[in-house]
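Participant: Here is my input; please provide its structure:
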Amino acid sequence: MLNGLLNSFRATEPDPLPDPDAELALGALLVRVAKSDQDYQIEEISLIDNILARLFDHSPIEAAKTRAVCERLHAAAPETDVFAALIRQTMGLEDRMAVLEAIWQVVLADGRERETEVNMINNTRLALGLTEAESNAMRASAQNF
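Facilitator: Residues are numbered from 1 along each chain as shown. Alright, predicted model coming up:
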């Protein structure tokens, strides 16, 4: 009986992470950008959930579950350019621009635009195969969101 009680307090093996697809890659990128300033705000978390719900037709609960998986992927995942390359390979130009707009929305969600976030956006933009002009347009669109 004591062993059963002690075992219930021991950590169990976490569920294995799924192989990222474009959705999980985008979610992990959004989490990575939001956490890049070491200040992961509720506004950013809510926005990531809203973006995942809007882009992938999820209910709020499905979006939150997807974000939770993306948080785990972010923590265990490869560099940002690997996620961006997966998105670039599987999405057309308009969708990649929507991805960059979503990233800008997350960066701007807390009202501060930090150098680390901007650097991450520039690296992501390059990996997505987008121009600086396209990034500026998506930033302007994100500001009006």
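Participant: got the contact list for the residue nearest to the spatial centre of the chain?
Facilitator: Residue closest to the average C-alpha location in the chain (Cα atoms, centre = their mean): Leu30, at 2.1 Å. Residues near Leu30 by Cβ atoms under 8 Å, 6 or more residues apart in numbering: 48, 51-52, 70, 102-103, 106. All C-beta spots, glycine's among them, are computed from the backbone N, C-alpha and C.
Participant: quick check: mean pLDDT across the helix or strand harbouring it?
Facilitator: Per DSSP states H and E: Leu30 is located in helix 22-35. Averaging pLDDT along helix 22-35 gives 90.
Participant: Just the residues contacting the next helix-or-strand element following that helix, thanks.
Facilitator: Proceeding N to C from helix 22-35, the next assigned helix or strand is helix 42-56, under DSSP H and E. Residues outside helix 42-56 that contact it (Cβ under 8 Å, 6+ apart): 23, 26-27, 30-31, 34, 58-60, 62-64, 66-67, 70, 98, 102, 105-106, 109-110.
Participant: What lies in contact with the next helix or strand after helix 42-56?
Facilitator: The helix or strand immediately downstream of helix 42-56 is helix 60-76, counting by DSSP H and E. Helix 60-76 has contacts (Cβ under 8 Å, 6+ apart) with 14, 17-18, 20, 23-24, 27-28, 30-32, 35, 45, 48-50, 52-53, 56, 58.
Participant: Could you rerun that using 7 Å?
Facilitator: Contact with helix 60-76 is made by 17-18, 20, 23-24, 27-28, 31-32, 35, 48-49, 52-53, 58, as judged by Cβ atoms under 7 Å, 6 or more residues apart in numbering.
Participant: Measure how far the helix holding Leu30 is from the centre of its chain, please.
Facilitator: Computed by Cα atoms, centre = their mean, to the nearest Å, the separation of helix 22-35 from the middle of its chain amounts to 2 Å.
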